[in-house]
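Q: need the 3D shape of this:
(chains A and B)
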Protein chains: 2
Amino acid sequence: MTARETLIQIKRNAAWHRGGVEMGATNWTIPARKGLAVRFGRGQSFSVVNTHGTQVVDTWAFNAGDVGEFMSMEHSRAGFRRLVSRVNDAYLTNKRRPIMTVTDDTSPGRHDTLIAACDIYRYQGLGHHGHHDNCTENLHHALAALGLKPSETPAPLNLFMNIPWEPNGDLLWNEPMSRPGDAITFRAEMDLVAVFSACPMDLLPINGKDGIIRDAQVVLA
Amino acid sequence: MTARETLIQIKRNAAWHRGGVEMGATNWTIPARKGLAVRFGRGQSFSVVNTHGTQVVDTWAFNAGDVGEFMSMEHSRAGFRRLVSRVNDAYLTNKRRPIMTVTDDTSPGRHDTLIAACDIYRYQGLGHHGHHDNCTENLHHALAALGLKPSETPAPLNLFMNIPWEPNGDLLWNEPMSRPGDAITFRAEMDLVAVFSACPMDLLPINGKDGIIRDAQVVLA
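A: Coordinates of the predicted model:
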């Protein structure tokens, strides 16, 4: 995607968000390698669909009235007392308030709360030269399109990302266990802005062996 | 400690830090329930000593020239590919640069990278009324004493905190496995400001069964 195409995509997404739920939209595409921000009202539910089965979706959520309050993996793990949430577990903000609760999951339940969003430094460290799409920039671009600028880059909830842990604490970077159409559903516990990034990591097998980055969907549930 | 005593302690600590290594100081006390910030130069080594054996020490590190760059648990886990570091593992910043490396550890090696620093919301959630000392405030007070104000509250490295994981990902909050005098030693990989907090959690057994919060030491190694 050229810079101009990216800008058009961002603006188009921004129009969706602003209209978003209010305009009656009920589904959104997370473009391959790019980000998407969507507003949800308290009590609304949404599903993130792994359309092609192999795509990791980095996910964030911010209090719609205060981007300084956001879903925090380190606070959430202390809340549900697990490395990875299960159905009925609530993710907490950095003020330890529930922001979204897992209400359904048709995937094998393997998601990740441990690993930072990819960023330009990650791709440089893996030997990539020049710019590379990355989830950290996708987060900030998607929020900027809504006029929002968070003071922090929170650790993401990496949906469908398969990072198993060994008994000794070693971590592995494996392919997703999800299948095409698998979906995880959340209920918004406050008015929130959710951000999704179809992770562009193509130098490790986390998005499938073929390294092809694909789109995913968000659906009002 | 009264507010005035706290202020005196903070100012005294600030004097130590400003003088700190330059003035020839080689050891510092992390007061029970409170925080301490110390500057270390690149290549210097320091040990965090669990003087009484049962005290959790929340630890942060910031690039001395840019508090926007700091030790990040989610980036570090991706670097050393484990839930908890071992000797020779380097902690990384949010720019994926090594900031400090574990060079020695006389404790059983059980530390925590998963759990947020305690904060006032945590104590409220556990049923405490009114103010309670907490590691998040200790971090910001210790940095403020040096005239520093970070834009983020990074997830801490919780030294000596014993949060074992089960094969299914469940987490437990256990007493420290460390013994009096156990120490972990780090080499600074850049000029940095380290912040230590003798965690005041007395409503869970993470600081030992008796719930007594104790001081700890930092020693130039």
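Q: who does residue A:194 bridge with?
A: Taking DSSP bridges as the rule, residue A:194 bridges to residue A:38, residue A:61.
Q: state the pLDDT value of residue A:25.
A: Note on residue A:25: pLDDT of 85.
Q: what separates it from residue A:36, distance-wise?
A: Counting by Cβ to Cβ, to the nearest Å, the separation of residue A:25 from residue A:36 is 12 Å. Glycine gets a C-beta too; all of them are placed from N, C-alpha and C.
Q: who's more crowded, the two?
A: The residue with more neighbours, out of residue A:25 and residue A:36, is residue A:36; 27 against 14, by other Cβ atoms under 10 Å in any protein chain shown.
Q: tell me the SS of that one?
A: Reducing the assignment at residue A:36 to three states with DSSP: H, G, I helix; E, B strand; the rest coil gives strand.
Q: you'd agree residue A:197 is in a strand?
A: Yes: counting by three-state DSSP, residue A:197 is found in a strand.
Q: so who does it touch?
A: By Cβ atoms under 8 Å, 6 or more residues apart in numbering or on different chains, the residues touching residue A:197 are A:30, A:34-36, A:57-59, A:117, A:135, A:138-139, A:142, A:156.
Q: how close does it sit to residue A:77?
A: For residue A:197, the distance to residue A:77 equals 21 Å [Cβ to Cβ].
Q: what do you get for residue A:120?
A: In this view, residue A:120 and residue A:77 are 27 Å apart by Cβ to Cβ.
Q: gap between the two ends of stretch A:104-111?
A: One end of stretch A:104-111 to the other measures 13 Å (Cα to Cα, to the nearest Å).
Q: in it, which residues are buried?
A: Within stretch A:104-111, the residues that qualify as buried are A:105, A:107, A:109, A:110, A:111, counting by 16 or more other Cβ atoms under 10 Å in any protein chain shown.
Q: for the second one, which non-adjacent residue is closest in space?
A: Among residues not flanking residue A:107 along the chain, residue A:182 sits closest, at 3.8 Å (Cβ to Cβ, 6 or more residues apart in numbering or on different chains).
Q: same deal with the first one?
A: Across the structure, with Cβ to Cβ, 6+ apart as the measure, the residue nearest residue A:105 apart from its sequence neighbours is residue A:184 (4.5 Å).
Q: packing partners for the host helix or strand of that neighbour?
A: Following DSSP states H and E, one finds residue A:184 within strand A:182-188. For strand A:182-188, the elements it packs on are strand A:45-50, strand A:98-105, judged by 3 or more Cβ pairs under 8 Å, 6 or more residues apart in numbering or on different chains; DSSP states H and E.
Q: pull out the buried residues from the longest one.
A: Residues of strand A:98-105 classed as buried: A:98, A:99, A:100, A:101, A:102, A:105 (neighbour count, 16+ other Cβ under 10 Å).
Q: pull the residues that contact it.
A: Applying Cβ under 8 Å, 6+ apart, the set of residues contacting strand A:98-105 from outside is A:45, A:47, A:61, A:63, A:70-71, A:85-93, A:183-190, A:192, A:194, A:221.
Q: that one pairs with which strands, and in what direction?
A: Strand pairing for strand A:98-105, using DSSP bridges, gives strand A:90-92 (antiparallel), strand A:182-188 (antiparallel).
Q: same check on the first one?
A: In the sheet containing strand A:45-50, the strands it pairs with under DSSP bridges are strand A:182-188 (antiparallel), strand A:216-220 (antiparallel).
Q: residue ranges with poor pLDDT in chain A?
A: Where chain A drops to pLDDT under 70, the residues are A:1-24.
Q: can you map out the helices along it?
A: Using DSSP state H, the helices found in chain A span residues A:3-19, A:73-80, A:120-125, A:135-144.
Q: re earlier: for the residue nearest to residue A:105, what are its contacts?
A: A:47, A:48, A:102, A:104, A:105, A:106, A:107, A:111, A:159.
Q: what do you get for residue A:111?
A: By Cβ under 8 Å, 6+ apart, the contact set of residue A:111 is A:84, A:85, A:157, A:158, A:159, A:160, A:161, A:184.
Q: out of those residues, which one sits closest to chain B?
A: Using Cβ to the nearest Cβ, residue A:84 is the member of these that lies nearest chain B, at 5.2 Å.
Q: thinking again about what came up before, now the buried members of the contacts of strand A:98-105.
A: Among the contacts of strand A:98-105, those scoring as buried are A:45, A:47, A:61, A:63, A:70-71, A:85, A:89-93, A:183-190, A:192, A:194 (criterion: 16+ other Cβ under 10 Å).
Q: how many other residues sit next to the closest residue to residue A:179 other than its chain neighbours?
A: Computed as Cβ to Cβ, 6+ apart, the closest residue to residue A:179 that is not its neighbour in sequence is residue A:53, at 4.8 Å. Per other Cβ under 10 Å, the neighbour tally for residue A:53 reads 18.
Q: and for residue A:73?
A: Neighbour count for residue A:73, taken as other Cβ under 10 Å: 26.
Q: wouldn't it be in contact with residue B:74 here?
A: Yes: contact status for residue A:73 versus residue B:74: in contact at 7.2 Å, counting by Cβ atoms under 8 Å.
Q: where do the contact lists of these two overlap?
A: Residues touching both residue A:73 and residue B:74 (Cβ under 8 Å, 6+ apart): A:114, A:155, B:155.
Q: could you report the neighbour count for the second one?
A: Look at residue A:155: counted by other Cβ under 10 Å, it has 27 neighbours.
Q: from residue A:195, how far off is the nearest residue to residue A:119 once chain neighbours are set aside?
A: Excluding the flanking residues, the one nearest residue A:119 by Cβ to Cβ, 6+ apart is residue A:136, at 4.0 Å. Remark: distance between residue A:136 and residue A:195 (Cβ to Cβ) = 11 Å.
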